[in-house]
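S.K.: mind looking at a prediction? Sequence and model below.
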Amino acid sequence: MTIGSKPDWIKGIAQELDYHWRYKDITGILPDISIILDESNAELDQALAAEGIKDFPWVSCFQCGTCRAVCPYTQVTTEVNGLSARRMLHEAQLGLTDFESEEIWTCTTCDTCVGQCPRGVEIIDFMKNLRRVEVELGVGKIPDSLRRVMTNIASVGNPFGEAREKRGDWAERLAVKLFTEGTELLYFSGCFPAYDARARKIAQATAGILEKAGVDFGILGYQEVCCGESVRKAGNEKLFKSLAQHNIGVFAENGVRRILTTSPHCYHTFKNEYPQLEGEFEVIHYTQYLAQLIEEGRLKFSKELNRKVTYHDPCYLGRHNGIYEEPREILRSIPGLELVEMPDSRQKSLCCGGGGGGIWLDTKKGERLSDLRLEQAMETGASILAIACPYCLNNFEDSRLTVGKGDNIEIRDIAELVWEAI
Amino acid sequence: MDERQMLSQDEYMTRQTNIYNVEARENIWRRYIKEIPEDGYFLLPSCVLAVGYPGSEATIPRLFDLLDLDWNWNLKPESMCTCCSGIAYHGDVDTIESTLLTTARLWSVAQEAGYETIAVACVTSFGVHSECFDLYREETGLKQKIDKLLMEACGRKFELPRYIVHVSDVIYKHRLRLRDEFMTYQLIEKETGRPLRGVDHVGCHYNKLFPLERSLGGGEYCEVLSGMIKAWGGKEIDYPERRHCCGMGFRQCMLTPNRGFTAASVNKKMVSMDPFEPDFIVTNCPGCQVYLDKEQWAIKELKGKEYFIPVLTYMELAGLLMGWDPYDIVGIQFHTVPVEPLLDKIGIPYDESRSWLGKDGQTLPCLDELREATLAAGRTMRGIPLP
Amino acid sequence: MERKVVILGGGVAGMQTAIALNDLGISSVLVEKEQELGGRVKNYDKTFPFFHSGKELVKELEDRVRRAHLVEIRCGTTVSHVEGQATHFQARLGTGSYEIPAGAVVVATGFEPFDASLQEEYGYSIYKNVITATELERLLDPEELTQGEIRRPSDGKIPQRVAIVFCVGSRNEKLGHNYCSRICCSFSTKQAIEIKERHPDTVVTCFYIDIRTYGRGFEEMYRRAQEMGIIYIRGRVAECGVLPNGDVTIKAEDTFLGKPIQGVFDLVSLSHGMTPALDAPKIATMLDIDVAEDGFFECRDKDLYPNDATREGVFLAGAAIGMKPIPDCIADGNAVAARVAAFLAEMQERN
């Protein structure tokens, strides 16, 4: 019986009888923070079932913690419960995944953990499937910037929301031909080099190099759409499939057999993922091709580039696809160029934060991996940081503006450096 | 509680034997038998219980006299019993040396009166006395040090008492005698003949502090209150949070920022015991009594869920079953959760108007008006606590 | 000097010792206190990590023992008194006057499963739906009462959620057992796999402190268990309670997530550790050999003489020296036979 329910004639003396002072400082009964074991993985199971996977396949994790120890993200966050693949796997097994949490979107799929996992757990697949749950079942919250990108890609085939027809505009004033049946090489620039002002210079440099080397190549311009690699990693399987089928159709129609890419992400998906949808092509990354051209003597340098340069191995070129030497061969063959290695190079290369959809997210200042990597680059004393991926380019250019003394170093794509020296 | 369908005795017993091995449950506590002397107790009353539940504390001397035990407390007016300083010690206000000194003095008073058994009414106090006793055993030179300090402080000498028991141990020992010679009621539902289901909540410092030596029945399956319930006709309940602390703890209940913890602990226990449909809770610790009783009200205010299972001390329970007046002697009007429904079940008659009477049957003057108005409005005085 | 060997205990280690001694041409008397040979393994349907049949293994060994000409088998009796010295022992059987002159004595008395009711907080022997691994083993046995189906004791229904509690009675200072019983992680994982195979929809959760499945094939068994979807939570179970419908509540901490965890299970199985055989102290006194602090028999030198007791002429085999899996018991039997043979030969030469 509360004071409120007492008859009126009592309320007069209610103040004297007021005992609520005893409870006024309890704001509530402390909640029980225990986990109640209720092993229902309903949402995750549905998403897996859609992919034909019946049981939770990542259970052989024995919680050793190697993944968290090697994860680059641990170097940029002081949060106790920061990104931890081990913990997320255990939570998923118990049906406790917090789909509202941001950490599901934090993983950049850089492949460091997968390379070290003693049980061979496919952690990237796991992260991708967590995201699929969110995208396909509408659970949790997809970051706004990512949602915008997916909408753009779905409607106009590129993440920037720019007009589809302008995809080939970067090549306007260059002598680049349209790919037709019989052209030897398709140059697939990728969305960033096609539309982004800074990245366009890579595409233009590449086109110039190929032309000077006398390579028979062409582009497909507005007929192409985004390769879909980042949206697939961000969990949008449906969108990826539609993009891939579109591209495969266009390539097949035009008789494409060999594709040259600028971005390691496009390279990765064309080479490893398109074949699952019956799109079999010979895919070459431009660093492989340029190294080959240089070796064959088809590309000769006429100028010197007297700079100290350090090279950052992109995750999708290095760890995912094993291409470490060719970019270095190119750089070493440029006359006057001094190549220095950063710590954490090759397999241990520190991710720039662009993969797994990370390029589309607004990462908080102080948590940007590219800041850290840029500092490592500057410590080598190099005046140029050479990269081979447009995402890396974008992230490092951003970091350059925010990191202290960032003006001391310039970011250049390998294609740009080669173009300067021939 | 009235809306809920109580299980029939048959259904309950079937359910019990399915999930319990009843015989093993009856015997597991026998591993830990505590030696309790038959007689010769020096009683140390509690500090808190006399304030909150005066009927409860006053029942102890009556019970001892009824059983014709050799007992005593303050022999000389000047050697008064003091608080054992448990509140200060557990509330981090005092040091262990002060506590050792205080208990040494109390033991000295007891020995002066010629008793070698200390019977303590409060469980925290029991814990404090046991702890001090153990310290002397473990630390060499401590006794000499306290001897010296005690002599300096009040000119007394002391020895370690032979037995330290809790009053519930005493009542346990004499439970059958109470039942056979004095009890007129049993813990059985009058209409159906079903034994009442009781929750035995033993204070933490009784069975968890020294579970092997000083707890009757050990730490996990403490028998001291269970034994009383069973002897007096009822059945004890085993529910998952049986061993959970009531949350009282001086550090929790006395400090405002921690109050939510006390309420949460009681809530956890209530939620856990609810499916077993208990009829009452019996406690042997003043702190548990206060908080299990009062926090049920707080839970109702904060969560809206009314458990309202009456909480009694073992002395009150003994008094009620012996037919002593529920208001004048046992003092159930001081309880927050109404005890009258339990009395109805057992079939003990009571006159609610007596709940507003003071000493010697005189009406408390300032509430005369209130009582008249309430009765005139056709309501009972139940549920309105005293200021 | 006498050349016969008395073997105390007709379990796997004891039988293998007798067989190996027979192969070396040395006669032995195999004394077993129960009516049948085979010790504990004769009750096991499947062994770990390869899921072979324990019963058939014992049958095979028993066959060989019975065919061995130099082995005398005595069941249903014990050695009550041993007098004399190495190479001149006199062992008396039972209460009668039958005495065996022996050159050496082998102790292969095995182990005793820990009495789980001593760990009161788990409520074993009080809550019907809390069972031990030994009882679970019988439930899993297709030749036993439930034909290999797991049915919980209180109401016979097939459990949907099973919890297996590791480390009951071992690694516990309060109970006086500081040692690790070595094989419990393994047999618990084996049982978890078997439950999952019989009832694929049942969720099996194991609560552990460490997973100690070492040895060839053991880690692989653990991985297999994980891949079958058995959940492993690192966190020792603190207590069990029971709900009105017989379900058992468990409280533990999930140390991977750093949070307390509570769960309700239909059936809880306690993987008890092993203690030395109940008559080990009596045997130690009778043979005048030492018992180590943990209650198992002490060896002459832990590195170089792991099968010799502390008295000349007395040897140790099998679980009596400490828990070990079956292949190791067989190895012990062979090792002891070699040691006995060497010992007897050495004594022969001296004389």
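M.R.: Great, that's in hand.

S.K.: which residue is nearest the middle of chain B?
M.R.: B:Asn284 (2.4 Å; CA atoms, centre = their mean).

S.K.: who touches it in this structure?
M.R.: B:Val123, B:His166, B:Val167, B:Ser168, B:Val202, B:Gly203, B:Tyr206, B:Val224, B:Leu225, B:Thr313, B:Tyr314 (CB atoms under 8 Å, 6 or more residues apart in numbering or on different chains). (Each C-beta comes from the backbone N, C-alpha and C, glycine too.)

S.K.: same question for C:Cys75.
M.R.: C:Cys75 sits in contact with C:Gly10, C:Glu32, C:Glu34, C:Gln35, C:Glu36, C:Leu37, where contact means CB under 8 Å, 6+ apart.

S.K.: chain neighbours aside, what residue packs nearest to the fourth one?
M.R.: When you say that, I think you mean C:Gln35. Counting by CB to CB, 6 or more residues apart in numbering or on different chains, C:Gly76 is the residue found nearest to C:Gln35 once chain neighbours are left out, at 4.9 Å.

S.K.: residues near that neighbour, how many?
M.R.: 11 (other CB atoms under 10 Å in any protein chain shown).

S.K.: where do the strands sit along the stretch 251-351 of chain C?
M.R.: C:259-265, C:267-272, C:274-276, C:314-316 (DSSP state E, counting those that start in this stretch).

S.K.: can you tell me the closest non-neighbouring residue to the residue of chain B found nearest chain C?
M.R.: Closest residue of chain B to chain C, CB to the nearest CB: B:Pro240 (2.7 Å). Nearest non-adjacent residue to B:Pro240, counting by CB to CB, 6+ apart: C:Gly241, 2.7 Å away.

S.K.: partner residues bridging the one you found?
M.R.: Taking DSSP bridges, one obtains C:Thr249 as the residues bridged to C:Gly241.

S.K.: next one: it from B:Arg242, what distance?
M.R.: From C:Gly241 across to B:Arg242, the span is 7 Å (CB to CB, to the nearest Å).

S.K.: within range of chain A, give me the residues from chain C.
M.R.: C:161, C:203, C:205, C:211, C:222-223, C:226-227, C:229, C:231-234, C:251, C:254, C:256-257, C:259-264 (CB under 8 Å from any CB of the partner chain).

S.K.: name all residues that make contact with the residue lying closest to A:Arg298 once chain neighbours are set aside.
M.R.: Counting by CB to CB, 6+ apart, A:Arg298 lies nearest to A:Ala213, which is 4.7 Å off, once chain neighbours are set aside. By CB under 8 Å, 6+ apart, the contact set of A:Ala213 is A:Leu293, A:Arg298, A:Leu299.

S.K.: now those residues: which count as buried?
M.R.: Neighbour counting with 16 or more other CB atoms under 10 Å in any protein chain shown marks A:Leu293, A:Leu299 as buried within the contacts of A:Ala213.

S.K.: format the contacts of A:Ala213 as CSV; extra columns: distance to B:Cys154 and secondary structure.
M.R.: Listed next are those as CSV, based on distance: CB to CB, whole Å; DSSP: H, G, I helix; E, B strand; the rest coil:
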residue, distance to B:Cys154, secondary structure
A:Leu293, 103, helix
A:Arg298, 107, coil
A:Leu299, 103, coil
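
S.K.: got the contact list for stretch B:38-45?
M.R.: B:57, B:60-61, B:64, B:69-73, B:81, B:84, B:106, B:109-110, B:113, B:115-122, B:125, B:165, B:167, B:170, B:173.

S.K.: make a PyMOL selection of the buried ones in those residues.
M.R.: To isolate the buried ones among those in PyMOL, judged by 16+ other CB under 10 Å, type:
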select buried, chain B and resi 57+60+64+69+71+72+73+84+106+109+110+115+116+117+118+119+120+121+122+125+165+167+170+173
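
S.K.: of the contacts of stretch B:38-45, which belong to helices?
M.R.: Within the contacts of stretch B:38-45, residues falling in helices by DSSP state H are B:Glu57, B:Ile60, B:Pro61, B:Phe64, B:Leu106, B:Val109, B:Ala110, B:Ser125, B:Val167, B:Val170, B:Lys173.

S.K.: where does pLDDT dip in the chain?
M.R.: Let's take chain A. Within chain A, the segments meeting pLDDT under 70 span A:1-27, A:38-57, A:78, A:80-81.

S.K.: the intended chain is chain B.
M.R.: B:1-17, B:75-76, B:79, B:365-368, B:371, B:373-374, B:377-387.

S.K.: let's see that with 80 instead.
M.R.: B:1-18, B:74-80, B:91-92, B:251, B:253-259, B:352-387 (pLDDT under 80).

S.K.: domain-wise, how is the chain divided?
M.R.: Looking at chain A here, since you left the chain open. A:42-137, A:164-290, A:302-421 (automatic domain parsing).

S.K.: that's the wrong chain, I meant chain B
M.R.: Split by automatic domain parsing, chain B gives B:19-33+B:182-376, B:41-167.

S.K.: against C:Tyr98, how distant is the residue nearest to C:Gln35?
M.R.: Taken as CB to CB, the span from C:Gly76 to C:Tyr98 is 13 Å.

S.K.: let me see the contact set for the residue nearest to the spatial centre of chain C.
M.R.: Of all residues in chain C, the one closest to the mean position by CA atoms, centre = their mean is C:Phe111, 5.3 Å from it. C:Phe111 is in contact with C:Arg40, C:Met274, C:Thr275, C:Pro276, C:Ala277, C:Ala319, C:Ala320, C:Met323, counting by CB under 8 Å, 6+ apart.

S.K.: mind redoing it with 7 Å?
M.R.: C:Met274, C:Thr275, C:Pro276, C:Ala277, C:Ala319, C:Met323 (CB atoms under 7 Å, 6 or more residues apart in numbering or on different chains).

S.K.: can you pick the most crowded of the residues you listed?
M.R.: C:Ala319 leads the contacts of C:Phe111 on contacts (other CB under 10 Å) with 30 neighbours.

S.K.: skip the chain neighbours and tell me the closest residue to that residue.
M.R.: Per CB to CB, 6+ apart, closest to C:Ala319 is C:Phe111, 4.3 Å.

S.K.: where's the one you found relative to chain B, distance?
M.R.: According to CB to the nearest CB, to the nearest Å, C:Phe111 and chain B sit 24 Å apart.

S.K.: so what's residue 181 up against?
M.R.: I'll assume chain A. A:Glu181 neighbours (CB under 7 Å, 6+ apart): A:Asn254, A:Gly255.

S.K.: actually it's chain C I care about, not the one you picked
M.R.: C:Ser170, C:Gly273, C:Met274, C:Met323 are the contacts of C:Ser181 under CB under 7 Å, 6+ apart.

S.K.: and the residue nearest to the centre of chain B, how far is that from chain A?
M.R.: 24 Å.

S.K.: gap between that residue and B:Gly358?
M.R.: From B:Asn284 to B:Gly358 the distance is 28 Å (CB to CB).

S.K.: next one: A:Ile409
M.R.: 89 Å.

S.K.: so how many other residues sit close to the closest residue to B:Thr363 other than its chain neighbours?
M.R.: Nearest residue to B:Thr363, sequence neighbours excluded (CB to CB, 6+ apart): B:Leu357, at 6.0 Å. B:Leu357 has 16 neighbours, counted by other CB under 10 Å.

S.K.: one more: B:Asp325?
M.R.: 16.

S.K.: ramachandran angles for it?
M.R.: With angles defined as degrees, to the nearest 10, B:Asp325 sits at phi -60, psi 130.

S.K.: likewise B:Ile188?
M.R.: phi -130, psi 140.

S.K.: now do the one 4 residues further on
M.R.: The phi and psi values for B:Thr192, taken as degrees, to the nearest 10, are phi -110, psi -10.

S.K.: what does the one 4 residues further on give?
M.R.: When read as degrees, to the nearest 10, the backbone of B:Leu196 gives phi -70, psi 150.
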